[in-house]
Structure formats: C-alpha cells, structure tokens
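In: Pasted the sequence and its predicted model underneath.
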Amino acid sequence: MPKIVQKKVGETPLEAIKRSTKEKATYAGRLDPMASGKLLVLIGEETRQREKYLGLDKEYIIEVLLDIETDTGDILGLPKEALQETRLSNNIIQKALRAELGTHVREYPHFSSKPVNGKPLFVYALEKTLDTIEIPTHEETIYHLELMDTRFISSAYLTNYIQDRLSSIPRSTLPEKALGADFRQDEIREEWKNLLPNTCRGFQVLKIRAVVGSGTYMRTLAMRLGKTFETKAFALSIHRTKIGLYRRLFSIPFWAKLY
C-alpha cells in the first residue's frame, strides 16, 4: 500500500521522501516547495503502479491574500502590490467561489514542471521566452469551495511571516538549480523586503477549503480570485489535507476512499 508522508513547507517532494524512507520510492501527485501536507509515496514494487494513483482527488486548505500578487502565485515568487486596499463581504466572496466550481480548461501555470518541447515551463519563464511557445492547457475540476474564515493581517505581520517561510527553503548548489539561482531566493527575499517596509496597511486573507480533481493548481486559483475581485492575490499558504476518491451519491458528496 502507498505511504502518506507529511511534506513540510520548504521541502521538495523528493526531499520529503528521503526524510521518510531509505527504500526505492517515488510520489504520485506533487506538492510545490511552499505547500505542505499529505504526499502519496509509492515504495518498492508499488512504484510500477504510479499511473494508477495519478488521478486521485485532493482536498486543500488554502489562504488567499488580497492586494499582492507574485509571478508564481505563491510566496516563492516576485511580488507586486495593488494600489488599493480591498475589503470584501462574505456574500461577494461566496459568489466568486461558486463561479469557480465545475470543470474548466486552464493554462498550466508558467512556473510549473509541465514539459514543452522537452523543457519545463518554468525554464521558459526564467529565460523570459514564454512568448516563443504556446502555453499548454489542461482540464481542472473543482468540486467544492468553502469559505472557512476571513481575517486581516498587518504589513508588519506579513513581513515576518514571509521571511520565516522563505528561510525554510534549503540552499542548493546543484547545476540544475543554476538558472533559477536556487529558486531565485536572494532576488525574491530582496523584493519582499523592498515591498513591505514601504507599506503600512492591512491585508485581507481568505481561508478556503477546496476539494478538487487531480492536477488543479491552488496557486492559479488564488490568482484568478484576485482578478475576479478586481485586485491582485496569491496563495499565502497551501496545505493538502486529503487524497482519495471524491464521489456523489444522490447529490450527497462523500470520500469513497482515503489514503
């Protein structure tokens, strides 16, 4: 049977696997470095069955921060601030969440590992050559979105939170990290430092439970919500809480299988 590993913020999936087992292993359903939560790990002979597990549904708890966006859709990106201070009512938020439900054709995130002509999309993004290719699309299905909470945080709190999260990312000297300058850590930290000390204000944060089909990106969901609210937004945190099969029986949703 597959093994569930709790991936930490800052880890890559491979780092989480190495921490949890010394056996030959792989994962089904990746998590971005800044995301945490359940990672489905296949060990030994089970690695040959990887395709069987790639289509599983997921549940996430995400926090969407309004009025700032990043080029990656999460903390590990270059930030830009909106010249406004958004305050949304629950009714407006609920309406936007309902509009996201269903199956839609979406572009892959520019900062993703989706290969194009044998090269991951994020490499084109780092090279600034995305205009030379056609961005591939895929279907994303969102079964359920629930607004769990809204809160406001200060720019001072956000500064500390961002720097703490970024400090969790280990440094690497691997050649394959050279183009991205080790996730562009130094550049990203500097941009956040330049942005936030000049900002004395509050930011609205939406806490959302999302039940989605395989391959649905929480980072781009956060960015789309920002556009819907006519501002900017990014995923302040992403935590995967469930992996399995989400089904409906007589319009009643339930998890038919959980790992």
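Out: Noted; the coordinates are in hand.
In: Pro79: what's it in contact with?
Out: 68-70, 191-192, 195, 234 (CB atoms under 8 Å, 6 or more residues apart in numbering). For every residue, glycine as well, the C-beta is placed using N, CA and C.
In: so what's it bridging to?
Out: Beta-bridge partners recorded for Pro79 (DSSP bridges): Thr70.
In: From Gly213, how far out is it?
Out: 29 Å (CB to CB, to the nearest Å).
In: what's around Pro33, how many residues?
Out: 22 (other CB atoms under 10 Å).
In: State the three-state secondary structure for it.
Out: Following DSSP: H, G, I helix; E, B strand; the rest coil, we place Pro33 in the coil state.
In: Confidence-wise, which helix or strand of this protein is lowest on average?
Out: Here the helix or strand of the chain ranked lowest by mean pLDDT, DSSP states H and E is helix 181-195, holding a mean of 86.
In: Which elements pack onto that helix?
Out: Applying 3 or more CB pairs under 8 Å, 6 or more residues apart in numbering; DSSP states H and E, we find helix 181-195 packed against strand 79-81, helix 155-166.
In: how about these in a markdown table, adding distance to Leu14?
Out: Below are the helices and strands packed on helix 181-195 laid out as a markdown table (distance: least, CB to CB, whole Å):
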| stretch | distance to Leu14 |
| --- | --- |
| strand 79-81 | 27 |
| helix 155-166 | 20 |
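In: Tell me which of those sits nearest to Glu107.
Out: Glu107 sits nearest to strand 79-81 of all these, at 19.5 Å, using CB to CB.
In: any idea which helix or strand comes after that closest one?
Out: helix 90-100 (DSSP states H and E).
In: which residues are contacting that following helix?
Out: Outside helix 90-100, the residues that reach it (CB under 8 Å, 6+ apart) are 142, 145-147, 150, 206, 208, 221, 224-225, 228-229.
In: Nearest to Leu31 among these?
Out: Using CB to CB, Leu221 comes nearest to Leu31 of the contacts of helix 90-100, at 15.0 Å.
In: is it true that that closest one touches Asp74?
Out: No: contact criterion CB atoms under 8 Å: Leu221 and Asp74 do not qualify, at 11.2 Å.
In: Which residues are in contact with each of those two?
Out: Joint contacts of Leu221 and Asp74 (CB under 8 Å, 6+ apart) are Ala235.
In: picking up where we left off before, could you list the buried residues of the least confident helix or strand of the chain?
Out: 183-185, 188, 191-192, 195 (16 or more other CB atoms under 10 Å).
In: Would you check which pair of the contacts of helix 90-100 lies furthest apart?
Out: Ile142 and Thr150 (19.6 Å).
In: Let me know the closest of the contacts of helix 90-100 to Lys128.
Out: Arg224 (23.2 Å).
In: Name all residues that make contact with that closest one.
Out: Counting by CB under 8 Å, 6+ apart, Arg224 has contacts Glu100.
In: doesn't it fall inside a helix?
Out: Yes: assignment of Arg224 by three-state DSSP places it within a helix.
In: If I look at it, what pLDDT would I see?
Out: Per-residue pLDDT puts Arg224 at 98.
In: ditto for the one 4 residues further on
Out: The predicted structure scores Thr228 at 98 on the pLDDT scale.
In: Now do the nearest residue to it once chain neighbours are set aside against Leu225, distance only.
Out: The shortest distance from Thr228 to any non-neighbouring residue, by CB to CB, 6 or more residues apart in numbering, is to Ala96 (4.6 Å). For Ala96, the distance to Leu225 equals 6 Å [CB to CB].
In: swap in Phe234?
Out: 10 Å.
In: cool, and Tyr124?
Out: For Tyr124 relative to Leu225 (CB to CB), the value is 25 Å.
In: what would the contacts of helix 90-100 look like in a markdown table with distance to Lys52 and secondary structure?
Out: Output for the contacts of helix 90-100, formatted as a markdown table (distance: CB to CB, whole Å; DSSP: H, G, I helix; E, B strand; the rest coil):
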| residue | distance to Lys52 | secondary structure |
| --- | --- | --- |
| Ile142 | 23 | strand |
| Leu145 | 28 | strand |
| Glu146 | 29 | strand |
| Leu147 | 34 | strand |
| Thr150 | 39 | strand |
| Leu206 | 35 | strand |
| Ile208 | 29 | strand |
| Leu221 | 26 | helix |
| Arg224 | 30 | helix |
| Leu225 | 33 | helix |
| Thr228 | 36 | helix |
| Phe229 | 39 | coil |
